[in-house]
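Colleague: Predicted model and sequence below, questions to follow.
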Amino acid sequence: MVTSLKEEELHKHVLIPYKPNAKYAYTAGQAQSRYLLGLKEGKILGRKCVKCGKIYVPPKMYCDECFRPTDIWVEVMDEGYVMTAVASFISWTREKISEPELVGVIRLLPSNPRDFVYPGIFHRLCVSYEEVRNMSVIGKRVKAVWRPKEERKASIEDIQCFKVI
Amino acid sequence: MKVNIHLNKRVAVIGAGMTQFRRRILETPQEIAWEASSKALEEAGLELKDIECVVIGSAPDAFDGVNLKGEYLSHGSGGIRKPSSRVFVGGATGVMAAITGWYHVASGMCNTVLVVAEEKMSPARPHPQSVFRYIWDPILEKPLNPNLIWIFAMEMHRYMATYGIKKEEIALVSVKNKRNAANNPYAQLGGNITVDDVLNSEVLVWPVQLLDISPVSDGGAAMVMASEDVARRYSDTPIWVDGVGWTLDNTEWPARDLAYPRYLEFAARMAYKMAGIENPYKELDVIEPYDPFDYKELHHIEGLRIAKRGEAPKLLKEGVFDIDGDIPSSPSGGLLGVGNPIAAAGLMKVISIYWQLKGTAGKMQVKKPVHTGLAQAWGDLMQASTVIIMRN
């Protein structure tokens, strides 16, 4: 019943190409809109729940622990510690790319190394592949490299990358 | 944690069936579901007319390239004119399908349930990876052009950095599972490889290399679950489902520590409490933790509280998880060896434990006598986890 493709069949299978051409207009919502506008001004904004003290970055209008509205806007630093970093040698369609893309997760300050949950950001790192490969970048303190003010578009791309300081 | 263990009926597994796991299987998804389902019915000694409810597990529609896969698969799964439902919690779906079958029976709603999981990953062009693009946050993450492997590479590197674990230690999982898969007649990628083979394979997203990751696969799996009175009538060796657990964590993975799978600990605690297990290391005889990546098996063993945080690699090295070890782990070969048609791979893990406990696992059968087994799956943005505990 189960048949694997034979070598010659791999080369002459019928492909039905289909392009849905679907386009989406996503809404950023209250919290993310303010966050994006903050990025345009060079600020990283979060929302704080005063009941449990949790700071949400990216911000949320509700606290998912307390299940109540978050209370205040807070600005966190554009500095933090690298929690993890990776180097991608494949594109999102799984094609090989020669220059690796270096990305990681940064625990933004103020936060505590013992926190399981913290204000965090996923972004590019301006470091070398070697530093990612030998893990020396993990735990390093980094700071956002902002795009020049006139080029900012209220997008996550307003930060170019995070650089070791 | 409060767990509801007021059950109406005790639930058993009395039959299971699988297709081979392969890339580019020629059969349609419906035919795959039908093949697995009919094998499961045959092993249970039942006919489709004896089945009261059908549960279908399948991950994103986008892989098979058809919409509403529950409805699409219902013919092949024997679900026509029956209470049929589809569950989907990403990679955790396979075990969630079994759990859903369990609560159909445990609640007293049905006496017999056919649980079917199917996935066909190979139709997507140019690669199923591109289908995962829509899993990312459209505004904050997608502009960075991420590939799904990125997040798992990030989790792997965080795990390695936190506990000082080396790639050589993690590669042993791939070596073990592919070796075990050589004994599995359904497996796609069984064979003898070495740690060096893993370390020299193509770098995809450092630290993930080609042999650290499970292959793209197509396949189906099915299982018949029944209430105690039916099970005793049709089977001399019913395998009892004694504990189930499932939880979700938040999707804000950049805002929580990836070194430890908190979502799994909660799911495991629920299942252990239901099964009356206090010390999983001593009380579990065989386990099938979800291993789409080699580090993930170790990560899950820690989340299951079988090893202390960061200590699973040490136990692996000592041979605890080998097929003749104290707690054989992935004796089927796991996803790394058998293949990873997502939902079907999760149900394959449950079926593997069922066959181990029944004593019909053939060449996969672990050396020591086994009475308590656990299967687990995990999915979405490192977020969903499902656990099932069975006894003979």
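Modeller: Yep, it's here.
Colleague: Now do the nearest residue to residue B:278 once chain neighbours are set aside against chain A, distance only.
Modeller: Nearest non-adjacent residue to residue B:278, counting by C-beta to C-beta, 6 or more residues apart in numbering or on different chains: residue B:272, 7.4 Å away. Quick note: C-beta positions are derived from backbone N, CA and C, even for glycine. With distances taken as C-beta to the nearest C-beta, to the nearest Å, residue B:272 is found 21 Å from chain A.
Colleague: Three-state assignment for residue B:272, please.
Modeller: The three-state label given to residue B:272 by DSSP: H, G, I helix; E, B strand; the rest coil is helix.
Colleague: In terms of residue numbering, what are the domains of chain B?
Modeller: Annotated domains of chain B cover B:9-124+B:216-230, B:127-214+B:240-389 [the TED database].
Colleague: export those domains to TSV and tack on mean neighbour count and mean pLDDT?
Modeller: Formatted as TSV, those follow (neighbours: other C-beta atoms under 10 Å in any protein chain shown; pLDDT from 0 to 100):
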stretch	mean neighbour count	mean pLDDT
domain B:9-124+B:216-230	23	94
domain B:127-214+B:240-389	22	94
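Colleague: what sits against the residue nearest to the spatial centre of chain A?
Modeller: Central residue of chain A (C-alpha atoms, centre = their mean): residue A:122, 2.5 Å from the mean position. Residues near residue A:122 by C-beta atoms under 8 Å, 6 or more residues apart in numbering or on different chains: A:103, A:104, A:105, B:140, B:141, B:144, B:253, B:254.
Colleague: cool, and residue B:223?
Modeller: B:13, B:15-17, B:40, B:98, B:101, B:114-115, B:347, B:350-351, B:354 are the contacts of residue B:223 under C-beta under 8 Å, 6+ apart.
Colleague: so how far is chain A from it?
Modeller: 19 Å.
Colleague: any idea which element that residue lies in?
Modeller: Here residue B:223 sits within strand B:218-227, counting by DSSP states H and E.
Colleague: Toward the C-terminus, what is the element adjacent to that strand?
Modeller: That would be, after strand B:218-227 and using DSSP H and E, helix B:228-234.
Colleague: which strands and helices sit next to that next one?
Modeller: strand B:11-18 (3 or more C-beta pairs under 8 Å, 6 or more residues apart in numbering or on different chains; DSSP states H and E).
Colleague: so after the strand it packs on, what's the next helix or strand?
Modeller: Next along from strand B:11-18, by DSSP H and E: helix B:29-44.
Colleague: does chain A sit close to that next one?
Modeller: Yes: between helix B:29-44 and chain A, judged by C-beta under 8 Å from any C-beta of the partner chain, the touching residues are residue B:35.
Colleague: Toward the C-terminus from that helix, list the very next helix or strand.
Modeller: As assigned by DSSP H and E, the chain's next helix or strand after helix B:29-44 is strand B:53-57.
Colleague: Sheet partners, orientation included, of that following strand?
Modeller: strand B:84-87 (parallel), strand B:112-120 (parallel) (DSSP bridges).
Colleague: all strands for the stretch 251-392 of chain B, in order.
Modeller: B:286-288, B:372-379, B:384-391 (DSSP state E, counting those that start in this stretch).
Colleague: Ok, which of these comes nearest chain A?
Modeller: Set against chain A and scored by C-beta to the nearest C-beta, those come closest in strand B:384-391, at 15.4 Å.
Colleague: Pretty sure residue A:51 sits against residue A:63.
Modeller: Yes: at 6.9 Å, residue A:51 counts as touching residue A:63 under the criterion of C-beta atoms under 8 Å.
Colleague: out of these two, which sits in the more crowded spot?
Modeller: Using other C-beta atoms under 10 Å in any protein chain shown, the more surrounded residue of residue A:51 and residue A:63 is residue A:63, with 20 against 12.
Colleague: What separation do you get for that one and chain B?
Modeller: Relative to chain B, residue A:63 is positioned 11 Å away (C-beta to the nearest C-beta).
Colleague: dump the residue contacts of that residue.
Modeller: A:49, A:51, A:52, A:54, A:56, A:69, A:70 are the contacts of residue A:63 under C-beta under 8 Å, 6+ apart.
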